[in-house]
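Enquirer: What shape does this take:
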Amino acid sequence: MRLTANSIAFVGIMSALGIVLSIIAFMPLGPGINVDLSHIATFIVAVAGGSWLGGITGLIVGIYPMVQFNMNYLVPVGKALNGVVVGFLANKTRPFFAIIVGWIAEAAVIFLTLGVWGIPYSLPGAVVQGILLKGTGEIILLGIIVELLFRSKAVRLYIDRVFVRS
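Expert: Residues are numbered from 1 along each chain as shown. As a prediction, the model looks like this:
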């Protein structure tokens, strides 16, 4: 695959979509627990464009939650790691399974930052567990959506035009 102006524009558009989804869907469910559907953009780019572009998209999409959560600088890192893992595994397995494995990597970052290291602050174990449980539900939902999306012939044709396959 070659990097083209179309693929760069696609990453920019999907990153903007992810940030907008973060802002719109950022509903509190409990102390420190919010709905976050921004990963759909990261997953679409990672599955379509690979690990490098998925990681960049995750990094950009992670900026708003980083600011929202008192400048936890590792939030974009976790989201980027998720994009890299999904992008790497997406051509080896089904998108749904790649997304689940990518979540495990990000969940480890969440657990370490909030539960162990206390970055930017320590949260009680029950809150960290709630965040991880909520995130698992979101990831399963998004994994199903992305799996169905990439089964569409129209989507695959569009992706093949954006990401010139070599």
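Enquirer: For this structure, give me the ranges with low pLDDT.
Expert: Low-confidence segments of the chain (pLDDT under 70): 1-2, 25-27, 29-33, 69, 71, 120, 164-166.
Enquirer: What segments of it are helices?
Expert: Taking DSSP state H, the helices of the chain run over residues 5-24, 39-49, 51-61, 63-68, 75-90, 95-110, 125-149, 153-162.
Enquirer: got JSON lines for the ones you listed, with mean neighbour count too?
Expert: (Each C-beta comes from the backbone N, C-alpha and C, glycine too.) Below are the helices of the chain laid out as JSON lines (neighbours: other Cβ atoms under 10 Å):
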{"stretch": "helix 5-24", "mean neighbour count": "17"}
{"stretch": "helix 39-49", "mean neighbour count": "28"}
{"stretch": "helix 51-61", "mean neighbour count": "25"}
{"stretch": "helix 63-68", "mean neighbour count": "17"}
{"stretch": "helix 75-90", "mean neighbour count": "24"}
{"stretch": "helix 95-110", "mean neighbour count": "20"}
{"stretch": "helix 125-149", "mean neighbour count": "16"}
{"stretch": "helix 153-162", "mean neighbour count": "12"}
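Enquirer: Output those in a markdown table, with distance to residue 118 appended to each entry.
Expert: Listed next are the helices of the chain as a markdown table, based on distance: least, Cβ to Cβ, whole Å:
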| stretch | distance to residue 118 |
| --- | --- |
| helix 5-24 | 23 |
| helix 39-49 | 24 |
| helix 51-61 | 23 |
| helix 63-68 | 16 |
| helix 75-90 | 14 |
| helix 95-110 | 13 |
| helix 125-149 | 11 |
| helix 153-162 | 41 |
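Enquirer: Among those helices, single out whichever gets nearest to residue 116.
Expert: helix 125-149 (9.1 Å; Cβ to Cβ).
Enquirer: For residue 94, give me phi and psi.
Expert: Torsion angles at residue 94 (phi, psi; degrees, to the nearest 10) stand at phi -70, psi 150.
Enquirer: gap between it and residue 144?
Expert: Distance from residue 94 to residue 144, counting by Cβ to Cβ, to the nearest Å: 11 Å.
Enquirer: again, but for residue 11
Expert: Separation of residue 11 from residue 144 (Cβ to Cβ) stands at 23 Å.
Enquirer: Next: residue 163.
Expert: 23 Å.
Enquirer: for the residue positioned nearest the centre of the chain, what are its contacts?
Expert: The residue lying closest to the centre of the chain (Cα atoms, centre = their mean) is residue 39, at 3.2 Å. Going by Cβ atoms under 8 Å, 6 or more residues apart in numbering, residue 39 touches 18, 58, 61, 79, 82, 138-139, 142.
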